[in-house]
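[1] Coordinates only, no sequence provided:
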């Protein structure tokens with residue numbers, strides 16, 4: 001083990017390799033995201049979310065019979081334990097944020113779970129979100145429809161109505177796009193927890209706590225609010241310039257890894273355009289999409305003017321906000337919806353960590369005082 005003087009502190013673990021994984025590969029210079037070897041562009045707009053979850057857990061896309069069994073296993077577990085319902089009712093009475101309700105509920109999702117906890121968590125966590133949202137707004141939870149898949153049930157249990165196909169496809173594309181993304185903060189949290197020999201529920205609950213932070217999963221709402229604040233195409237340049245002159249951060253731009261446009265932004269931009277163009281968006285239409293696209297263009301140009309060389313390009317959060325708004329979600333649901341998509345990846349990473357586990361235990365560099373002398377309490 002290196003001595004204290006030999007250790008090198010790297011803030012944020014920048015560039016430190018802490019795991020080997022077959023789940024995803026992120027190349028920030030090329031703007032490339034691979035999911036189990038597939039370009040994310042090949043999966044997101046074509047696959048069901050069940051197919052992507054199966055791929056992350058097993059390493060291959062399912063056959064028709066395997067996919068049918070996978071869907072059936074999820075459908076059989078789509079019910080919340082009574083204790084979870086009681087907790088969500090209590091949380092709704094306090095009107096806490098939906099992400100907090102999900103974090104609290106996560107620790108109860110294994111009650112009455114039986115075997116196959118990964119299926120139980122993937123099936124139940126989205127239900128906890130939608131049940132809470134209905135309770136918070138004075139409505140009873142809706143039982144899931146066994147004939148609907150993961151994305152469609154999310155919208156159905158939220159509204160009580162069968163969603164149009166265009167909304168389901170838009171949401172499914174989003175869930176697939178965010179299913180896994182390297183060793184991000186929440187995934188690293190999940191792997192660290194499971195490496196200690198702890199359980200999958202604890203790992204998922206910890207990951208939700210990490211995702212809740214605004215520097216990881218909590219920025220889509222403010223990104224959309226900026227578009228609404230601008231209101232018209234003519235306002236984009238003066239409003240954004242004023243924000244940058246005041247030192248404000250433009251939410252939805254810049255990424256720790258990507259130095260070019262986030263490939264997920266490209267996918268979600270196309271998915272949002274398709275949804276708004278279809279006429280089936282729950283709220284908003286093509287004028288809103290066109291405004292957002294113009295805001296993106298102006299923001300990227302101004303960021304290069306104000307912060308030259310920083311390469312602050314559009315990230316996943318900008319078009320996440322626009323797409324989820326079109327699907328009909330309130331901004332308070334954006335982060336827990338993100339969690340519902342990332343859950344498949346968290347579970348996949350936990351299973352991968354367990355298959356060849358070594359306790360994740362990094363070192364630290366001590367920078368405090370030395371050779372201090374103890375003084376009894378009456379002498380201090």
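    Good, I have the coordinates. Because the structure is a prediction, the values reported are computed rather than measured.
[2] Return the set of buried residues in stretch 350-357.
    350-353 (16 or more other CB atoms under 10 Å). C-betas here are computed from N, CA, C, even on glycine.
[3] from memory residue 191 sits against residue 353, does it?
    Yes. Distance between residue 191 and residue 353: 4.8 Å, which falls inside the contact criterion (CB atoms under 8 Å).
[4] continuing past the strand or helix carrying residue 65, what's the next helix or strand?
    Taking DSSP states H and E as the criterion, the element that holds residue 65 is helix 64-75. Using DSSP H and E, the next helix or strand after helix 64-75 towards the C-terminus is helix 82-94.
[5] Run through the neighbouring helices and strands of that next one.
    Helices and strands in packing contact with helix 82-94 are listed as helix 98-106, helix 117-136; criterion 3 or more CB pairs under 8 Å, 6 or more residues apart in numbering; DSSP states H and E.
[6] Adding mean neighbour count, write those helices out as JSON lines.
    Below are the helices and strands packed on helix 82-94 laid out as JSON lines (neighbours: other CB atoms under 10 Å):
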{"stretch": "helix 98-106", "mean neighbour count": "23"}
{"stretch": "helix 117-136", "mean neighbour count": "23"}
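[7] Dump the ones you listed to JSON lines, plus distance to residue 372 and mean pLDDT.
    Formatted as JSON lines, the entries for the helices and strands packed on helix 82-94 read as follows, by distance: least, CB to CB, whole Å; pLDDT from 0 to 100:
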{"stretch": "helix 98-106", "distance to residue 372": "39", "mean pLDDT": "97"}
{"stretch": "helix 117-136", "distance to residue 372": "47", "mean pLDDT": "98"}
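[8] Spit out the contact partners of the residue nearest in space to the middle of the chain.
    Closest residue to the average C-alpha location of the chain: residue 338 at 3.1 Å, with CA atoms, centre = their mean. When contacts are counted by CB atoms under 8 Å, 6 or more residues apart in numbering, residue 338 touches 178, 211, 217, 220, 320.
[9] Give me the neighbour count for the last one.
    A count of nearby residues for residue 320, using other CB atoms under 10 Å, gives 29.
[10] And for the strand or helix carrying it, what's in contact with it?
    Counting by DSSP H and E, the element that carries residue 320 is helix 316-327. By CB under 8 Å, 6+ apart, the residues outside helix 316-327 that reach it are 155, 167, 170-171, 173-174, 177-178, 219-221, 223-224, 227, 251-253, 255, 262, 264-265, 268-269, 271-272, 275-276, 281-284, 288-289, 292, 296, 331, 333-334, 337-338.
[11] Mind doing that once more with 6 Å?
    167, 170-171, 174, 219-220, 223-224, 252, 262, 264-265, 268-269, 271-272, 275-276, 281, 284, 292, 334 (CB atoms under 6 Å, 6 or more residues apart in numbering).
[12] Now do the buried residues in the worst-scoring helix or strand of the chain on mean pLDDT.
    The helix or strand of the chain with the poorest confidence is helix 220-230; it has a mean of 87 (mean pLDDT, DSSP states H and E). Residues of helix 220-230 classed as buried by neighbour count (16+ other CB under 10 Å): 220-224, 226-227, 230.
[13] OK, contacts around residue 190?
    Applying CB under 6 Å, 6+ apart, one finds that residue 190 lies in contact with 203, 207, 346, 349-350.
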